[in-house]
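> sequence first, predicted coordinates after that:
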Amino acid sequence: MLIERLTFSAKYGKGDALLDAIREFQRLFGAQVGVPSRVVTDRTGKMFTVAWDMEYADLQAWSAAMVNEREMFGTPEFGAWFAKMEPLIDSGDRQLLDVVEL
């Protein structure tokens, strides 16, 4: 299994607004994306950090999802949502992580 982790540093005081934007994404596009996801936030460390994890069965499933995402990025609905989310973020990072069974 793979986890794609998108880690955002929200602008100061905008962590809750970013969480609301992610919830809106799930409501609008979650069924289309079709993969399990979760969000974790900072308890310690850099403030207003929001990490969004999506789970994929394997690299092939992730690659197929990327094709689907690129198509979604071109829609007016996604553009409207992104216009609300983008001003909330200072920076972001993407990681692709292997889940290792113990």
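Looks like it arrived, so ask away. Worth saying up front: this structure is predicted, and the values here are computed from it rather than measured.

> where do the strands sit along the protein?
Assignment of strands within the chain using DSSP state E yields the ranges 2-10, 37-41, 49-56, 89-98.

> of all those strands, which one is nearest L28?
Closest to L28 of those, according to CB to CB: strand 37-41, at 13.5 Å. Just so you know, the C-beta spots here come from the backbone N, C-alpha and C atoms, and that holds for glycine as well.

> what angle do that closest one and strand 49-56 make?
160 degrees (axes from the mean of the first three to the mean of the last three CA atoms, to 10 degrees).

> give me the angle between strand 37-41 and strand 2-10.
When the same axes, to 10 degrees is applied, the directions of strand 37-41 and strand 2-10 differ by 40 degrees.

> strand partners (parallel or antiparallel) of strand 37-41?
Here strand 37-41 is paired, per DSSP bridges, with strand 49-56 (antiparallel).

> report the central residue of the chain.
Closest residue to the average C-alpha location of the chain: W52 at 4.3 Å, with CA atoms, centre = their mean.

> now it: closest residue in space that isn't a chain neighbour?
Nearest residue to W52 in three dimensions, chain neighbours excluded: L6, at 4.6 Å (CB to CB, 6 or more residues apart in numbering).
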